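Quick one, fold the following:
(one chain, ligands or ions: 1)
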Amino acid sequence: MILPVLQYPDERLRRKSQPVDEITDEIRELASNMLETMYDEEGIGLAAPQVGHFIRMIVIDISPCYETEEGNVEDNGEPPMPMVLINPELSFSGATVKSEEGCLSVPNSYRATVPRREKVSLKALSLDGDPIELEADGMLAICLQHECDHLDGKLFIDYISRLKLNLYKASLRKLVKA
Ligand SMILES: [Zn+2]
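Below you'll find the model as predicted:
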């Protein structure tokens, strides 16, 4: 089932999500619906709070895309490789890198360049409750940082300058009036 994705400036996107205590059928169904929604929207990640569930669960699939030299994400025809991560925790390392991002919760396909860390170590649980530990760099590291931010009520536009944010907000207001 495709779920509606909350859109900025919806205040619910600012809520802090709670850890998952028990992986129930309801959680498994939500994970499957989140993946379906993410693929339908052609996103590479989605966090539970974006679909109105304030629990620490994210889904990611970066396999069908690659990053071009210009930093764009393009389809590479690879088969999908969905990841469901429950209670993800990141620790950061490596340099600060520039990342051009968009978000399914930020309207008008707005994109901006934000700072991220080059590498992350991830600890999480799988949908079966098995521990997952991995080191990530490249697009996976960026995507993990973006999605985990959602669990703490943070959006990528929080990293841009006030001037850029005000320009973006003004463009949204214009659209609403039109
Ligand atoms: Zn997002």
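
okay, and the helix or strand of the chain with the least pLDDT?
strand 65-67 (a mean of 70; mean pLDDT, DSSP states H and E).

Can you give me the neighbour number for Arg15?
14 (other CB atoms under 10 Å). Glycine gets a C-beta too; all of them are placed from N, C-alpha and C.

again, but for Gly94
By other CB under 10 Å, 12 other residues sit near Gly94.

State the distance from it to Met139.
14 Å (CB to CB, to the nearest Å).

Repeat that for Ala31.
In terms of CB to CB, Ala31 sits 21 Å off from Met139.

any idea which helix or strand comes after the least confident helix or strand of the chain?
Once the chain leaves strand 65-67, the next helix or strand it forms, by DSSP states H and E, is strand 73-75.

who does the very next helix or strand once past that following strand touch, helix- and strand-wise?
Heading C-terminal from strand 73-75, the first helix or strand you meet, by DSSP H and E, is strand 83-101. Counting contacts by 3 or more CB pairs under 8 Å, 6 or more residues apart in numbering; DSSP states H and E, strand 83-101 is packed against helix 25-40, strand 57-60, strand 112-125, helix 138-151.

Let me know the average pLDDT across strand 83-101.
Mean pLDDT, strand 83-101: 97.

That one vs helix 138-151, what angle?
100 degrees (axes from the mean of the first three to the mean of the last three CA atoms, to 10 degrees).

and strand 83-101, which residues are buried?
Across strand 83-101, burial judged by 16 or more other CB atoms under 10 Å covers Met83, Val84, Leu85, Ile86, Asn87, Pro88, Leu90, Ser99, Glu101.

Extract the CA atoms of that strand and return them as CSV.
Presented in CSV, the C-alpha positions along strand 83-101 are these (Å, rounded to 0.1, in the frame of the first residue of the first chain):
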residue,chain,number,x,y,z
MET,A,83,17.3,-2.6,3.4
VAL,A,84,15.0,-2.2,6.4
LEU,A,85,16.9,-0.8,9.5
ILE,A,86,15.3,-0.7,12.9
ASN,A,87,16.7,1.5,15.7
PRO,A,88,19.7,2.6,13.6
GLU,A,89,22.6,4.2,15.3
LEU,A,90,25.4,6.0,13.5
SER,A,91,28.9,7.0,14.4
PHE,A,92,30.7,9.3,12.0
SER,A,93,34.2,9.4,10.6
GLY,A,94,36.2,10.7,7.7
ALA,A,95,36.1,14.1,6.2
THR,A,96,33.2,16.5,5.8
VAL,A,97,31.9,16.2,2.2
LYS,A,98,29.4,18.2,0.2
SER,A,99,26.2,16.3,-0.7
GLU,A,100,23.5,17.4,-3.0
GLU,A,101,20.2,16.2,-1.6
